[in-house]
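1. Need a 3D model of the sequence below.
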Amino acid sequence: MIQFIFKRFRAAITHILKMGETDVISMPRIRRELENFIPYSWETPTHEVAAKYGLKPESIIRMDLNTSPFQPKRWLASLSRNIQKIPVHLYPDASYQRLRQALAEYAETDIDEITVGNGADECLMMVSQTFMEKDGQALISYPSYSYFRVCAEIMGGKVVKVSRKPDFRDDVEGLLTAAKNNTQIVFLCSPNNPTGNLIEESELRKLLAELDAVIVVDEAYYEYCGKTFAGLVSSYSNLIVVRTMSKAFSLAGVRVGYAIAAEETIRKLNLVRPPNSVGVLSTALAQHALKKTSDVRKWVDKVVKERERVRNILEGDGRVKVYPSQANFLLIKFKEVNAGLVQQKLMQQGIVVRNLSDSVENSLRVTVLTRRENDRFLKALKNVLDEEALGGL
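-> Numbers count the residues shown, from 1 in each chain. From the prediction side, this is the model:
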């Protein structure tokens, strides 16, 4: 037996050594739609930022993620007291009935008008998997959340970006003009990421009435403005509102999102919903959080108050333009200094912000955090701008 194995091994080695340049093992071919596909741009991990600039990871503040600065410690403590009762040895209830009921009560809609996903991103992908055909058209009011493009292109869709108006309002007439017979999805965001402004209800109704396409409204930042279109789903079966518990609910690491739509539309989305993608620990924490919305309102109030304070301070500096925001972030345009240079100098001080100059000229997006963290950012930014005004000395 040993001799037989040795002979087979020697024969295999001999074959490899004799292989010519054309005698190679080919790799599996990916789908044609993905050959030139540009993936979603992942955020640089904190430990990599720390290593690059010689900083301690705990000293770095993430003002690029649009997440909440508040750790829900009391919720976690409550979960820990009951964690042994959570059936982690079993799959979740595939219907997610208890979670959907809690979400329906929170969103003031019917349980059959709710489906859940592993974060809002999975809900967006479910929309594309359900309604986007190969070579179908997806319209995006641009600039907006970059994952919209990803969802459509993964399914073989063709993305058309319709530029917003100078004040960042959606160009409804432009969207209607760009729409074709094969337009299948229109992606909108309210408040919009990264510009922070809202959709006008009259304009949304116009799109819903005139387009034979699914209209997606991403309301990831709904809690920071209180304006929702969820109440329209019973009137428009082509409207899908997508929300998340990653922002105001401080549960970004838990990954719970949900979609609100007419009952027949939810049934279609459930055709492609992955089985058990939201785990039992996530559902338990989400259900607990939905009983503690008073905590969420307190956190939101603090962020909104800080958002306006930071904006007022920045507006007092004539070297930047700060756009109004209804979300938990601010979009800052630099009048003279290069935004990329500002981003780099802030990173050197352990402050990570998002450079969005590829979509909004010479601009950074900054997440509003606690007063202490915001003050650190304001001081660092002023120092950078002062330094550059002196010629970078």
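2. which stretches of the stretch 1-150 of the chain form helices?
-> 2-18, 46-53, 73-81, 97-107, 120-131, 147-154 (DSSP state H, counting those that start in this stretch).
3. what packs against the fourth one?
-> Contact partners of helix 97-107 among helices and strands, from 3 or more C-beta pairs under 8 Å, 6 or more residues apart in numbering; DSSP states H and E: strand 114-117, strand 257-261, helix 280-289. Every C-beta, even on glycine, is put in place using the N, C-alpha and C of the backbone.
4. Ala50: which of these is closest?
-> Checking those against Ala50 by C-beta to C-beta gives helix 280-289 as the closest, at 28.1 Å.
5. now Met126: how far from Met132?
-> Distance of Met126 to Met132, computed by C-beta to C-beta, to the nearest Å: 11 Å.
6. now do Arg267
-> 18 Å.
7. go on, Arg311?
-> Arg311 is 37 Å from Met132, by C-beta to C-beta.
8. quick one, which of those two is more surrounded?
-> Met132 (23 against 17; other C-beta atoms under 10 Å).
9. how about the strands of the stretch 201-350 of the chain, start to end?
-> Assigned strands in the stretch 201-350 of the chain, in chain order: 214-218, 239-244, 257-261, 320-322, 329-334 (criterion: DSSP state E, counting those that start in this stretch).
10. Which elements pack onto the longest helix along the chain?
-> What stands out as the longest helix in the chain, according to DSSP state H, is helix 293-315. Contact partners of helix 293-315 among helices and strands, from 3+ C-beta pairs under 8 Å, 6+ apart: strand 320-322, strand 329-334, helix 371-389.
11. Just the mean pLDDT for the last one, thanks.
-> For helix 371-389, the mean per-residue pLDDT is 95.
12. Report the buried residues of that helix.
-> Under the neighbour-count criterion of 16 or more other C-beta atoms under 10 Å, helix 371-389 has Glu373, Asn374, Arg376, Phe377, Leu378, Ala380, Leu381, Val384, Leu385, Glu388 buried.
13. ditto for the second one
-> Applying a neighbour-count criterion of 16+ other C-beta under 10 Å, the buried positions in strand 329-334 are Phe329, Leu330, Leu331, Ile332, Lys333, Phe334.
14. Please apply the same query to stretch 261-268.
-> Ala261, Ala262, Thr265, Ile266, Lys268.
15. quick one: contacts for the residue lying closest to the third one once chain neighbours are set aside?
-> Which is Thr265. Leaving aside its sequence neighbours, Thr265 sits nearest to Ser237 (C-beta to C-beta, 6 or more residues apart in numbering; 5.5 Å). Counting by C-beta atoms under 8 Å, 6 or more residues apart in numbering, Ser237 touches Ala261, Ala262, Glu264, Thr265.
16. And Met126, by the same measure?
-> Met126 neighbours (C-beta under 8 Å, 6+ apart): Thr115, Gly117, Ala259, Leu269, Val272, Arg273.
17. ok, it to Val216 distance?
-> 11 Å.
18. Who are the contact partners of the nearest residue to Thr370 once chain neighbours are set aside?
-> Once flanking residues are discounted, Thr370 sits nearest to Pro69: 4.8 Å by C-beta to C-beta, 6+ apart. Taking C-beta under 8 Å, 6+ apart, we find Pro69 in contact with Val303, Leu369, Thr370, Glu373.
19. Ser59 is in contact with the last one, correct?
-> No: in this structure, Glu373 sits apart from Ser59 without contact. The criterion is C-beta atoms under 8 Å, and the distance is 11.4 Å.
20. Quick check: buried residues in stretch 353-363?
-> In stretch 353-363, counting by 16+ other C-beta under 10 Å, buried: Val353, Arg354, Asn355, Leu356, Ser359, Val360, Asn362, Ser363.
21. Pick out the most distant pair among those residues.
-> Of all pairs in the buried residues of stretch 353-363, the most separated under C-beta to C-beta is Val353 and Ser359 at 14.7 Å.
22. Figure out which of the strands of the stretch 201-350 of the chain is closest to Gly157.
-> Checking the strands of the stretch 201-350 of the chain against Gly157 by C-beta to C-beta gives strand 214-218 as the closest, at 11.8 Å.
23. so what secondary structure elements neighbour that closest one?
-> Strand 214-218 packs on helix 120-131, strand 183-189, helix 201-210, strand 239-244, going by 3+ C-beta pairs under 8 Å, 6+ apart.
24. How about Lys165: what's its closest non-neighbour residue?
-> Nearest one to Lys165, counting by C-beta to C-beta, 6+ apart, is Asp171 at 5.4 Å.
25. An error on my part: the question was meant for Val280.
-> Pro92 (5.1 Å).
26. so how far is Arg98 from that neighbour?
-> Taking C-beta to C-beta, one finds Pro92 at 10 Å from Arg98.
27. Give me the neighbour count for the nearest residue to Phe377 once chain neighbours are set aside.
-> Of all residues not flanking Phe377 in the chain, Ile351 sits nearest, at 5.5 Å (C-beta to C-beta, 6+ apart). Neighbour count of Ile351, defined by other C-beta under 10 Å: 24.
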